[in-house]
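Peer 1: Fold the following.
(2 chains)
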2 protein chains.
Amino acid sequence: MNIEIPYKIYLEESEMPKQWYNVRADMKNKPAPILNPATLKPVTVEELSPIFCTELAKQELDETTPYFDIPEEIREFYKMYRPAPLVRAYCLEKKLGTPAHIYYKFEGNNTSGSHKLNSAIAQAYYAKKQGLKGVTTETGAGQWGTALSMACSYFDLDCQVYMVKVSYEQKPFRREVMRTYGAQVTPSPSMKTEVGRKINAEFPGTTGSLGCAISEAVEAATTQEGYRYVLGSVLSQVLIHQTVIGLETKAALDKYGIKADMIIGCAGGGSNLGGLISPFAGEILRGEADYDIIAVEPASCPSLTRGRYAYDYCDTGKICPLAKMYTLGSGFIPSPNHAGGLRYHGMSSIVSQLYDDGIITARSVEQTEVFKAAEMFARVEGILPAPESSHAIKVAIDEALKCKETGEEKNIVFGLTGTGYFDMVAYQKYNDGEMSDYIPTDEELEKSFATLPKVE
Amino acid sequence: MNIEIPYKIYLEESEMPKQWYNVRADMKNKPAPILNPATLKPVTVEELSPIFCTELAKQELDETTPYFDIPEEIREFYKMYRPAPLVRAYCLEKKLGTPAHIYYKFEGNNTSGSHKLNSAIAQAYYAKKQGLKGVTTETGAGQWGTALSMACSYFDLDCQVYMVKVSYEQKPFRREVMRTYGAQVTPSPSMKTEVGRKINAEFPGTTGSLGCAISEAVEAATTQEGYRYVLGSVLSQVLIHQTVIGLETKAALDKYGIKADMIIGCAGGGSNLGGLISPFAGEILRGEADYDIIAVEPASCPSLTRGRYAYDYCDTGKICPLAKMYTLGSGFIPSPNHAGGLRYHGMSSIVSQLYDDGIITARSVEQTEVFKAAEMFARVEGILPAPESSHAIKVAIDEALKCKETGEEKNIVFGLTGTGYFDMVAYQKYNDGEMSDYIPTDEELEKSFATLPKVE
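Peer 2: Residues are numbered from 1 along each chain as shown, chains lettered A, B, ... in the order given. Alright, predicted model coming up:
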């Protein structure tokens, strides 16, 4: 390689993707259809429309169109914080003494602090276009809620956020960012919705879960005139919007003639991972190239590595459609010492199918190791990473150290989905030596699997 | 203008400045020399060397060398987060309906969240090169302490930070970021130093001041073997390092053939402002061009607009050299409702002289108006700004609205020095309608001026 690779590869605005990529079009084994929870039959756009914006419902169910045009208004918004840089981690490579070349796609260069804005602005756009008054949503670590608040503020839509109680309490500043963008933030489970009151009665003192917050947000959307529900991960529509990450990454690599050997991403609901890897997975599916793709998840919430591939509810309240996915059961709640996001019980149906077909692999890591990797990364690369993103860092470092042993000059690409500026409570625990790990026992998982619905 | 201006102008790494600019070389009226507090005679490099790294002491006193080479190691570090984008504020222009073209140089794209890193890495580099064990410093809003922690971690130097008590309490997360980078953070005034104990005894319950924290840090540096003191603003050396901001800004404007009409920056100690405007002020001084340069300061800490141009102590403890500057007196402490930084009693001697000579003008603004501008900016431009930076936003908006009245298509450039992610306590006050303003009375300022030393 004779071309000098800069620290940060920025595409020109003219090189930014004009379409999102729908990897399902290239999948021989399509993800199983999502089911109407009332009929257990595949849902239709009409059935989804009371919950989701119609255009988004169409994207959700479209398995054959390979590309969707990114509307002009969304592309204009993207230009405020995109293209995101693909960074060559020269300092990390030096610190590790590895012959590997490490690259990361940094999605934290915006006030929401993560990639979530990529889909938030798309969903807000379609809501506005449909003439809605506002949207409701849930948020876990708070990145999605912040992103949606920003997007709604831009399009002058009302924004109601149900925030998992444990995050709401650990992250008061997240709430204020959302409020600054005009959003209304409610800790979940709340007493505002029927499902929230029910969960509070059944599990007094619960710190909440993403599944439960989803149920509340969906109820709020369907009981208010002119509102729809929007979701920050898991759904195929979200994964599609997030392909802007992978498409930019691929364009930046291609620009410098770099062939990735390995692509690593953290996996919670699966949309950032799916967005990052889609263009690469597409090449594998079409037989054009080969990549080693690794999804990294917390050992405390191991849906891919220890979950069942089965139909499950997407929410604790069981009012959303059912999806076939790798899941721990919708009753699963991570142990209270689990810091940050990646706490969802299931996994995107697209990612699940790609995993089941062996197109991607998965690993689980413990959080103390993850924060150790995060600290090292912060010190040498100058970016304090989100706990979520640090799962990918941990495995990227592991792989780079393997290359050190073997002498291989692999090109390792990972997704740095966001910054950890609002995760300082977790960092403080780590700094104080008070962080602990938790791996659910088989018995605990069995108990949680028992919440899986009987569907064939 | 036929060239289309992108949302974000990024220079290539090869276009990044290789030298810092020392505007004093082009000033006919040089800033008055800084004085040894013991002798009241101009200090020498030798006299400064027990406090500052020798190379930095040289930069401090050098009034004639127009450019200093940026050492290779610093340029490599700069590449981790620079070049910083010059952003065309298309969305803000649209929101305001102004014919003006608004540009901002965004320095918040790094974990310290501000421009402070530009000088922190330079000062850490020279300390390391001199073989020191570590450095001490003060921090107000916490941006400087964070930046220095990052820089010290990179060069493996010990870092001791005295943090103004009010900020320490309002910003616990800042402390954790610094700790993550390995720094030791102490609220000031502390009981660790003689000057701290004295101030605590004299003003029980004081929330601290930057001047007082400086005194503690200087004492800590001079009483420990192998330590020196480093400072995040005010000094000429810091302003010189910050010219990387102005040089990049000018290069980006030149690249697209844009002639700035107006350059606006917030002013606390004056180094970011000085760094931004230096290349432009240099052109004015050399008679090559004309610009309308505006320094914006808080009405609650109005050193330029209501201060005296006089010799003053740089620190409350009166152990640092004296500088001739626009000052409110080293005994000045902003009222407790003052949010964020820009709380220093004086102003960079370079900026002071440029102001006294009419090369730049100054305005003061009240913080409630500043947060209103910050909120508007955040909502349309997608970046939640630091309270400090928002002073510049406020005046940029005012000027853009004047253009709306006159129809002028002015090119307005302002410095967006950082993000407000660690300022959510202040934003919360604003969101809750509990923010208040305070303008010191003439009597209060007179009392504070009484602390000025008698020097001729």
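Peer 1: can you count the residues close to the residue in the stretch 151-300 of chain A that chain B sits nearest to?
Peer 2: Nearest residue of the stretch 151-300 of chain A to chain B: residue A:173, at 3.6 Å (C-beta to the nearest C-beta). Where C-beta positions appear, they are placed from N, C-alpha and C, glycine not excepted. By other C-beta atoms under 10 Å in any protein chain shown, 22 other residues sit near residue A:173.
Peer 1: who touches it in this structure?
Peer 2: A:422, B:173, B:421, B:422, B:424, B:425 (C-beta atoms under 8 Å, 6 or more residues apart in numbering or on different chains).
Peer 1: Include distance to residue B:62, secondary structure and pLDDT when you put these into CSV, please.
Peer 2: CSV is the format used below for these (distance: C-beta to C-beta, whole Å; DSSP: H, G, I helix; E, B strand; the rest coil; pLDDT from 0 to 100):
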residue, distance to residue B:62, secondary structure, pLDDT
A:422, 42, coil, 88
B:173, 38, helix, 88
B:421, 36, coil, 92
B:422, 35, coil, 88
B:424, 41, helix, 90
B:425, 41, helix, 87
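Peer 1: which residues touch the helix or strand bottoming out on mean pLDDT in chain A?
Peer 2: Ranked by mean pLDDT, DSSP states H and E, the weakest helix or strand in chain A is helix A:165-170, scoring a mean of 84. If you take C-beta under 8 Å, 6+ apart as the criterion, helix A:165-170 is touched by A:139-142, A:174-175, A:185, A:187-189, A:206-208, A:336, A:425-426.
Peer 1: any weak-confidence spans in chain A?
Peer 2: Low-confidence segments of chain A, defined by pLDDT under 70: A:1-2, A:456.
Peer 1: what about 50?
Peer 2: In the predicted model of chain A, residues A:1 satisfy pLDDT under 50.
Peer 1: Which positions within stretch A:394-410 qualify as buried?
Peer 2: By 16 or more other C-beta atoms under 10 Å in any protein chain shown, the buried positions in stretch A:394-410 come out as A:394, A:395, A:396, A:397, A:398, A:399, A:400, A:403, A:410.
Peer 1: got a list of what the closest residue to chain B within the stretch 301-450 of chain A touches?
Peer 2: Among the residues of the stretch 301-450 of chain A, residue A:424 lies nearest to chain B; the distance is 3.7 Å by C-beta to the nearest C-beta. Residues near residue A:424 by C-beta under 8 Å, 6+ apart: B:172, B:173, B:176, B:177.
Peer 1: The first one: what's it in contact with?
Peer 2: The one in question is residue B:172. Residue B:172 neighbours (C-beta under 8 Å, 6+ apart): A:424, A:428.
Peer 1: if you set the cut-off to 10 Å instead, what comes out?
Peer 2: Residues counted as contacts of residue B:172 (C-beta atoms under 10 Å, 6 or more residues apart in numbering or on different chains) are A:424, A:425, A:428, B:422, B:425.
Peer 1: could you say which helix or strand contains the third one?
Peer 2: For residue A:428, the enclosing helix or strand under DSSP states H and E is helix A:424-431.
Peer 1: which is the next helix or strand following that helix?
Peer 2: Using DSSP H and E, the helix or strand that follows helix A:424-431 towards the C-terminus is helix A:442-449.
Peer 1: Which elements pack onto that next one?
Peer 2: helix A:303-306, strand A:308-313 (3 or more C-beta pairs under 10 Å, 6 or more residues apart in numbering or on different chains; DSSP states H and E).
Peer 1: send the alpha carbons of the last one over as PDB?
Peer 2: When you say that, I think you mean strand A:308-313. Backbone C-alpha positions of strand A:308-313 (Å, rounded to 0.1, in the frame of the first residue of the first chain) are rendered in PDB as follows:
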ATOM      1  CA  ARG A 308     -33.300 -19.100  21.600                       C
ATOM      2  CA  TYR A 309     -34.200 -18.500  18.000                       C
ATOM      3  CA  ALA A 310     -37.900 -18.200  18.300                       C
ATOM      4  CA  TYR A 311     -40.900 -16.000  17.900                       C
ATOM      5  CA  ASP A 312     -41.200 -13.600  20.800                       C
ATOM      6  CA  TYR A 313     -42.900 -10.500  21.900                       C
END
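Peer 1: and the angle for it with helix A:442-449?
Peer 2: For strand A:308-313 against helix A:442-449, the angle by axes from the mean of the first three to the mean of the last three C-alpha atoms, to 10 degrees is 40 degrees.
Peer 1: elements contacting strand A:308-313?
Peer 2: Contact partners of strand A:308-313 among helices and strands, from 3+ C-beta pairs under 10 Å, 6+ apart: helix A:210-222, strand A:322-327, helix A:349-356, helix A:442-449.
Peer 1: Get me the contact residues on the stretch 151-300 of chain A for chain B.
Peer 2: A:151-154, A:156, A:171-182 (C-beta under 10 Å from any C-beta of the partner chain).
Peer 1: Which of the residues you listed are buried, as a ChimeraX select command?
Peer 2: Selection command for ChimeraX covering only the buried members of these, criterion 16+ other C-beta under 10 Å:
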select /A:151,152,153,154,171,173,174,175,176,177,178,179,180,181,182
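Peer 1: Among the residues of the stretch 151-300 of chain A next to chain B, name the ones in helices.
Peer 2: Members of these lying in helices (criterion: DSSP state H): A:151-154, A:172-180.
Peer 1: In the contacts of residue B:172, find the pair that's most separated.
Peer 2: A:428 and B:425 (16.7 Å; C-beta to C-beta).
Peer 1: how about the helices and strands packed on strand A:308-313 in TSV, adding mean neighbour count?
Peer 2: Shown next, in TSV, are these (neighbours: other C-beta atoms under 10 Å in any protein chain shown):
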stretch	mean neighbour count
helix A:210-222	27
strand A:322-327	26
helix A:349-356	25
helix A:442-449	14
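Peer 1: Can you say which of these is nearest to residue B:377?
Peer 2: Once these are compared by C-beta to C-beta, helix A:210-222 is nearest, at 28.8 Å.
Peer 1: what angle do the closest one and strand A:308-313 make?
Peer 2: Using the same axes, to 10 degrees: helix A:210-222 against strand A:308-313 is 30 degrees.
Peer 1: And the next helix or strand past helix A:210-222?
Peer 2: Helix A:210-222 is succeeded, C-terminally, by strand A:227-229 (DSSP H and E).
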